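Student: Structural data only, the sequence is not supplied:
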């Protein structure tokens, strides 16, 4: 049953390709000779690449898009692992960053709390608007 599905999908692809080629060729009449020649060369190059890729895929060694070669043994398994590992690393990195930020924030709050509790002034003095104004004006006045 798989062979009939692949054969029918291959036939549909072929039919679609022919329709697209016919539509593209219909517009060729209005193009200049230079553009027509460039398109013909590009088509020939594309067909040559397609034949090379089909030939390579049929053998035991596969070429990836980057140009590196790999054995065709268990390629799907390694591809799945290769696509999951960066995702796991990203999630682990985000969790580590979150934990570090929480620790830093906790340490900052602890330092502020300990400074407030060990200071000579009561904590209520820091919330007094008059005291805040006093601190602002005392910082700007020059000392004698």
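Tutor: Arrived safely. Values in this document were obtained by computation on a predicted structure and should not be read as measured data.
Student: What's the first helix or strand after the helix or strand harbouring residue 18?
Tutor: Per DSSP states H and E, residue 18 falls inside helix 2-26. The C-terminal neighbour of helix 2-26 among helices and strands, as given by DSSP H and E, is helix 33-58.
Student: That following helix - contacts with which helices or strands?
Tutor: Counting by 3 or more CB pairs under 8 Å, 6 or more residues apart in numbering; DSSP states H and E, the packing neighbours recorded for helix 33-58 are strand 61-63. Every residue, glycine included, has its C-beta placed from N, CA and C.
Student: tell me the mean pLDDT over the strand it packs on?
Tutor: Strand 61-63 comes out with an average pLDDT of 50.
Student: Give me the number of neighbouring residues for residue 122.
Tutor: Number of residues near residue 122 (other CB atoms under 10 Å) recorded here: 10.
Student: again, but for the one 5 residues further on
Tutor: Here the neighbour count serves as a burial measure; for residue 127 (other CB under 10 Å) it reads 9.
Student: Give me the angle between the helix holding residue 18 and helix 33-58.
Tutor: On the basis of axes from the mean of the first three to the mean of the last three CA atoms, to 10 degrees, helix 2-26 is oriented at 170 degrees to helix 33-58.
Student: Burial check on residue 125, number of neighbours?
Tutor: Residues near residue 125, counting by other CB under 10 Å, number 15.
Student: Now do the domain split for the chain, please.
Tutor: 2-73, 74-144 (automatic domain parsing).
Student: what's the least confident stretch among those?
Tutor: For these, mean pLDDT drops lowest on domain 2-73, to a mean of 72.
Student: what's the neighbour count on residue 136?
Tutor: When neighbours are counted by other CB under 10 Å, residue 136 comes out with 9.
Student: Mind naming the longest helix for this structure?
Tutor: If you go by DSSP state H, the chain has its longest helix at helix 75-118.
Student: if I look at residue 125, how far off is residue 134?
Tutor: Separation of residue 125 from residue 134 (CB to CB, to the nearest Å) stands at 10 Å.
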